[in-house]
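Engineer: I'll drop the sequence and a predicted model, then ask my questions.
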Amino acid sequence: MRLSTNSLRRALVACVVAGAVLPATASAASKRTALPDSAPNWATPSAQVGTAPNSQSKTFWVYLKLRHSSALDQQIAAVSDPASASYGIYLTPDQFHARYAPTKAAVTAVTGWLKSAGFSVSSDVPSNNRWVQATGDIAQVEKAFATQIRTYRHAGHVLQAPNSNLSIPRSVAGRVSGVAGLDGGDKLMRPGSVTQNPTPGDLPGAPPSPAFVNAPPCSAYWGEKPANGTPPAYGQTQPYAPCGYQPAQLEGAYGIANAIHSGNDGSGQTVAIIDAFGAPTIQQDANRYSRLHGLPPVRFSQILPPGVLNAPADDPCDPQGWYGEETLDVEAVHSMAPGANVLYVGGKDCNDESLIDAMNNIVDNNRAQIITNSYGNSGENEPKGLLRAWNDTFRQAAIQGIGIYFSSGDSGDEIANIGTRAADFPASDPQVTAVGGTSLGVGQSNNYLFETGWGTSISSLSNGAWDPTPPGDYLYGGGGGTSQLFAEPGYQKGVVPNRIARYFGGRPGRAVPDVAAVGDPNTGMLVGQTQTFPDGTVKYSEYRLGGTSLSSPLFAGIMALADQAGGVHHGFSNPLFYSRAGSSVFRDIVNPAQQLADVRNDFVNGVDASDGVATSLRSFNTTGTIATRPGYDDVTGVGTPNGQQFLDGIANPRHRP
């Protein structure tokens, strides 16, 4: 096509303008760098459902890199390895700040850039300079990070996320490990307790949780009451589920009762618990529970963010669900370590950033030697900026001699939940101890009868038969599997079988869990909590509760006894645990000789028989693609603590039993 003179002139002008603009654009781009993996992999065009309004306010966190990262990893390995001459020689927070924490200059540089981009920057920077918090609107975010904020459907939610990797100035890129708060994936953290409670209503505040009551009959100990009148399963009449094991039963089954009675009760140790929000009746509930079950009053303290007790019941994070989680955690730790100090630190909500803040408070102030955490994601689809922020917090804990324990999850291999096999994060991080779940039988004399991997299938009583035929449909189970994020750590090599480490092919991956304790809610713990009943009454009551969110605080409590017995803080103990694999320190959990199950009654409405009672058979050890096996397995790790032999073997880390 021929161009007129005027058209040709306009085309030439456009070329000149383009030629003038392109070098400037290239120059601007050369002054910026992309943050790898800062856009989530679920933020795809096919999942996009909308845009975010430009005027919407966003608060976000810029996490800063630790210094001398390789040297830090080497020092962590040395102080955590019982065979190392540096074992147990930990740093103080001040020493960590001087060697590895981000500098004030880094904070100043990042703060200056954020302010120049128009953001309001919080002056509340933690003492270890780990992050800078800022607020602005969507339009400012999109301009500052050279991206667009869109909405996407993911994991049953509609979440905001950037549609491309974030871009930041090169002048600060070397100081930034990640940015969080722009990706709605930070809102997917959930508590791990399992009760089948009724769903809370939309109440004008967050009073004590809606009540849950165990339906009778139930057994005082394993096998006490046979479920006569129900169909047999696996060739025999199965027993009614335990009503919930009490502290003396768990102390007896795990072989620590004599130690506790002789004074090895966790005295002088502090176990910290992190959850979201704060149960308004936690101390009175824990002390009443203690009086009823022969325990001393709990040595309890807590740190709560301002206003956290005023969260409404219809908050998307479900404060009332977290109340039950906190209650379980406090009473479980106290049951295993009745002389220990119990510190609760609450996140202001269930977002990762708030939970990291709570953990950083404990770690950077050396408030505890052990931290137990009963929450996690479904799988490992964690925003990368948050993943690095979590990992840096775990690394500071390890170099300071603080042991961090996480529940491994309550959805087994996650296939039934998210459609693909996955380990759960943060349990899959190699710097934490992942605690898996078991089903536990406790006898009439508080004696250990059996333990198997927690994986539960359900068959309902219908027309005089179990439907579907046992084992029935998968319900829940202890989390486990192989990480696709983290390579196999050195402490697992030679212990974790190749078929597990290389489950996904390629490089060996970090296997989960590391250790285990009872988690199955059908052989769970009796807890006491102030609850809200349908008639409006608010009163203390007790009910059975489980999940690996029981396993983790139970194990943390037992570790407090081991710390006291050895007179040391064992800190990050995975290298020690794996060095004891196959010894008498741990019970090696294997498949039982016969199929185990129990019968459970549940009130349909959760509190009384007015709407009927549902009867079901719960079959044990149905664990999917993960399984209990001799030696290390991806349901129970290296095993469960074996009483006094565990305390002796862990208390003296340089002595091999």
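Structural biologist: Sure thing, it's come through.

Engineer: care to break this protein down by domain?
Structural biologist: For the chain, the structural domains run 29-66+101-187, 211-651, going by automatic domain parsing.

Engineer: which stretch among the ones you listed comes nearest A77?
Structural biologist: Closest to A77 of those is domain 211-651 (Cβ to Cβ; 7.2 Å). (C-beta placed from N, C-alpha, C; glycine too.)

Engineer: got a list of what the closest residue to Y240 other than its chain neighbours touches?
Structural biologist: Spatial nearest neighbour of Y240, chain neighbours left out: K225 (4.5 Å); criterion: Cβ to Cβ, 6 or more residues apart in numbering. Taking Cβ atoms under 8 Å, 6 or more residues apart in numbering, we find K225 in contact with 217-219, 239-240.

Engineer: redo that, cut-off 6 Å
Structural biologist: 217, 219, 240 (Cβ atoms under 6 Å, 6 or more residues apart in numbering).

Engineer: which among the residues you listed end up buried?
Structural biologist: The neighbour-count test (16 or more other Cβ atoms under 10 Å) marks 219, 240 as buried among these.

Engineer: now do the phi/psi pair for E326.
Structural biologist: Per-residue torsions, E326: phi -60, psi -40 (degrees, to the nearest 10).

Engineer: settle this for me: it is touching A279, isn't it.
Structural biologist: Yes - assessed by Cβ atoms under 6 Å, E326 is found in contact with A279 at 4.7 Å.

Engineer: read off the pLDDT value for A29.
Structural biologist: Predicted confidence (pLDDT) for A29: 52.

Engineer: deepest-packed of the domains of the chain, please.
Structural biologist: Per residue and on average, the most neighbours among the domains of the chain fall to domain 211-651, with a mean of 22 (mean count of other Cβ atoms under 10 Å).

Engineer: give me the mean pLDDT for that domain.
Structural biologist: Confidence for domain 211-651, expressed as mean pLDDT, is 96.

Engineer: now do the end-to-end distance for it.
Structural biologist: 41 Å (Cα to Cα, to the nearest Å).

Engineer: what's the answer for stretch 329-343, then?
Structural biologist: OK, stretch 329-343 end separation, Cα to Cα: 11 Å.

Engineer: for A511, give me its contacts.
Structural biologist: For A511, counting by Cβ under 6 Å, 6+ apart, the contacting residues are 482, 492, 496, 500-501, 634.

Engineer: for it, helix, strand, or coil?
Structural biologist: strand (DSSP: H, G, I helix; E, B strand; the rest coil).

Engineer: okay, and the beta partners of it?
Structural biologist: T482 (DSSP bridges).

Engineer: can you check L526 too?
Structural biologist: Here L526 sits in beta bridges with R544, as judged by DSSP bridges.

Engineer: so what's it up against?
Structural biologist: 244, 246, 542, 544.

Engineer: tell me the two of the residues you listed that are most distant?
Structural biologist: Q246 and R544 (10.6 Å).

Engineer: look up how far R544 lies from N601.
Structural biologist: 12 Å (Cβ to Cβ, to the nearest Å).

Engineer: revised request: answer the last question for N361.
Structural biologist: Distance, N361 to R544, using Cβ to Cβ: 32 Å.

Engineer: what's the single longest strand in this structure?
Structural biologist: strand 433-442 (DSSP state E).

Engineer: helices and strands around that strand, which ones?
Structural biologist: Strand 433-442 is packed against strand 403-407, strand 448-453, strand 515-518, helix 548-566, with contacts defined by 3 or more Cβ pairs under 6 Å, 6 or more residues apart in numbering; DSSP states H and E.

Engineer: in CSV, list those along with distance to Y375.
Structural biologist: Putting these into CSV (distance: least, Cβ to Cβ, whole Å) gives the following:
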stretch, distance to Y375
strand 403-407, 7
strand 448-453, 22
strand 515-518, 17
helix 548-566, 7
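
Engineer: nearest to S120 among the ones you listed would be which one?
Structural biologist: For S120, the closest of those is strand 403-407, at 32.9 Å, according to Cβ to Cβ.

Engineer: could you confirm L576 falls within a strand?
Structural biologist: No - counting by three-state DSSP, L576 is not found in a strand; it is helix.

Engineer: if we can go back for a sec, which of the contacts of K225 sits closest to N417?
Structural biologist: Within the contacts of K225, proximity to N417 (Cβ to Cβ) peaks at Y240, which comes in at 28.3 Å.

Engineer: identify, from the contacts of L526, the entry nearest to S460.
Structural biologist: Nearest to S460, judged by Cβ to Cβ, of these is R544 at 18.9 Å.

Engineer: okay but the closest one is in contact with N214, surely?
Structural biologist: Yes - counting by Cβ under 6 Å, R544 touches N214, with 5.4 Å between them.

Engineer: tilt between the longest strand of the chain and helix 548-566?
Structural biologist: 100 degrees (axes from the mean of the first three to the mean of the last three Cα atoms, to 10 degrees).

Engineer: strand 433-442: how far from the chain's middle?
Structural biologist: 15 Å (Cα atoms, centre = their mean, to the nearest Å).

Engineer: for R190, give me the pLDDT.
Structural biologist: Note for R190: predicted pLDDT of 65.

Engineer: again with V13
Structural biologist: What the model reports as pLDDT for V13 is 34.

Engineer: now stretch 439-447 - C-alpha only, CSV.
Structural biologist: In CSV, the C-alpha atoms belonging to stretch 439-447 read as follows (Å, rounded to 0.1, in the frame of the first residue of the first chain):
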residue,chain,number,x,y,z
SER,A,439,-3.8,-44.4,66.5
LEU,A,440,-3.1,-45.4,70.1
GLY,A,441,-4.5,-48.2,72.4
VAL,A,442,-4.2,-47.5,76.1
GLY,A,443,-5.2,-50.4,78.5
GLN,A,444,-7.0,-50.5,81.8
SER,A,445,-3.8,-50.0,83.7
ASN,A,446,-2.7,-47.0,81.6
ASN,A,447,-0.5,-49.4,79.7
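
Engineer: need the contact partners of that stretch.
Structural biologist: When contacts are defined by Cβ under 6 Å, 6+ apart, stretch 439-447 is touched by residues 221-222, 245, 248-249, 252-253, 449-452, 454, 518, 520, 523, 620.

Engineer: among the contacts of L526, name the ones in strands.
Structural biologist: Members of the contacts of L526 lying in strands (criterion: DSSP E): 542, 544.

Engineer: looking at the contacts of L526, which one is closest to V333?
Structural biologist: Of all the contacts of L526, Q246 has the smallest distance to V333: 15.2 Å, by Cβ to Cβ.

Engineer: and the closest one, what does it touch?
Structural biologist: Here Q246 is in contact with 293, 526 (Cβ under 6 Å, 6+ apart).

Engineer: against V176, how distant is the spatially closest residue to S120 that is not a sequence neighbour?
Structural biologist: Nearest non-adjacent residue to S120, counting by Cβ to Cβ, 6+ apart: T135, 4.8 Å away. To V176, T135 is 18 Å away according to Cβ to Cβ.
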